[in-house]
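> how does the following fold in three dimensions:
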Amino acid sequence: TTLELDRRQRQMCIRDRAKRLEARVASSQARIESADAASAASRDRLRHLGDEEEVLKAELVELRATERQLGQEILDAEARVIEIEEQQRVAERSFQHARGDLDAARQRRLELDRELTGRRSRLDLLKQLLARGEGLREGTQTVLGGLDDPGLIQPGLHGVLGNRLRVRPGFEQAVEGVLGSNLEAILVRDASLADTILDRLAATPQGEVSLIAPEWVQAPSDRQMMTVPEGAECWAADCVDADDGVASVIERLLANVLVVSDRSTAQAVWSQDPSWSCVTLAGEVLRQEGIFRGGRPGGDENASLLTRQNEVAELEAEVSGLSASFAEAERAEGEQEEHTAALQANSEQAKDRAQRERMELSTLEGQRTLANREVQSFESKLANVTRERLEIQSREESANEARSALESDLQEARGRSETLEGEMD
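So this is what the prediction gives:
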């Protein structure tokens, strides 16, 4: 019985040990199954992460290529901006220079316009004075005004003798001194009209007048050039050009008249031949009769008929020249306006091109900034995926080692369990 009791106690001890081994085996199997499940999940996650990592790498390659392309496009755009901005500066400088030239052309035209206006005004005034007979004697002005019947008188008047003369500049006073009141002789249509005028003036005290009718004018003779005596300037007739209708009148009025510099010279020349008359450049006359007439009439010193006529001729030449210069200045200003407008348009176009290029450059820089951000974002995502993959791989390696240990422990527990079963038998 003692042996029986020992045997039973040993069997009970073996059964306890067997139960603990069974529990150990069951626990190891459960842990192995759990590790297998976790490993399967990790492998699935690793496959997903691997796929995601490849996609991110591919997209990152494209993004970096896009970023590089944008960088090159920005360099090209910057070069274009520099080139176009230089073109803009050149165009703007050309426009400013042209505008300066246009201002100068306008100023030139305005100056010519003022000068031409002044000359025309003076010319018109002198012509009006000549037409009205301003500065002439009372009788002459009365007749030119038409007396008491302008409708009858004025159509038959053809101006005064002085208006038909052209005197060499500088000799006006000399010629006026010789001709005197004859310069105011009025050219009429015919002798009948002259008689009418003289009858009316005789009937009423309206001044005296000198008249020239065609019937009273003789044909001009063939005048030969005569040698100018020593001390004289010229023959008075040689410094006067007269219209054909009055040439013979002027020829006779100026016959044997010499122009000299001053009174002493006049006396010296006249003493050589008293048949000559001498007139100084100042208009003082020494007649054949030995009468010396001089002095200056009262009134405006610029009222000289011949001086006015010469001034009219000079002004007409000046007005003609100024008119041509003004027309040329207007043409030049018009051309400069067109040239300036074209340069301004070119400058504006260059400015617009530069603005568009700057906007395009700004757009490209914005796109590159976005591309850079996307690259950084994808690099961050790729880094996270890579880090997670490496962590899972590390955990998987640890889990594999733990599983191997569990399998070894399970094999050991099973071996001992079989040993105990043999002992129980």
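> where does pLDDT dip in the protein?
For the chain, the stretches with pLDDT under 70 are 1, 7, 11, 14, 18, 132-133, 222-225, 296-303, 420-425.
> one more time with 50
Across the chain, the ranges flagged by pLDDT under 50 are 301-302.
> quick one, helices of it?
Per DSSP state H, the chain carries helices over the ranges 2-132, 138-144, 150-153, 172-179, 191-203, 247-253, 263-272, 305-424.
> what lies in contact with the shortest one?
Spelled out, it's helix 150-153. V143, G146, L147, L193, T196, I197 (Cβ atoms under 8 Å, 6 or more residues apart in numbering). In short, each C-beta sits where N, CA and C put it, glycine included.
> make a PyMOL selection of whichever of the residues you listed turn out to be buried.
Applying 16 or more other Cβ atoms under 10 Å to those, the buried members can be selected in PyMOL as follows:
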select buried, resi 143+147+193+196+197
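> closest to E388 out of the contacts of helix 150-153?
E388 lies nearest to G146 out of these, by Cβ to Cβ, at 125.0 Å.
> out of the helices of the chain, nearest to I291?
Using Cβ to Cβ, those put helix 263-272 closest to I291, at 11.1 Å.
> may I see the buried residues of that closest one?
T265, A266, A268, V269, W270.
> pick the most deeply packed of the helices of the chain.
helix 172-179 (a mean of 23; mean count of other Cβ atoms under 10 Å).
> quick one: that helix to helix 305-424, angle?
150 degrees (axes from the mean of the first three to the mean of the last three Cα atoms, to 10 degrees).
> which helices and strands sit right next to helix 172-179?
Judged by 3 or more Cβ pairs under 8 Å, 6 or more residues apart in numbering; DSSP states H and E, helix 172-179 is in contact with strand 277-280, helix 305-424.
> CA-only coordinates of the first one, as CSV, when you get a sec.
What that stands for is strand 277-280. The C-alpha coordinates for strand 277-280 follow below in CSV (Å, rounded to 0.1, in the frame of the first residue of the first chain):
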residue,chain,number,x,y,z
SER,A,277,21.9,170.2,-111.6
CYS,A,278,23.3,168.5,-108.5
VAL,A,279,21.5,166.7,-105.7
THR,A,280,23.1,165.5,-102.5
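> which other helices and strands contact that strand?
Using 3+ Cβ pairs under 8 Å, 6+ apart, strand 277-280 sits against helix 172-179, strand 257-260, helix 263-272, strand 285-286.
> partner strands of that strand, parallel or antiparallel?
strand 257-260 (parallel), strand 285-286 (antiparallel) (DSSP bridges).
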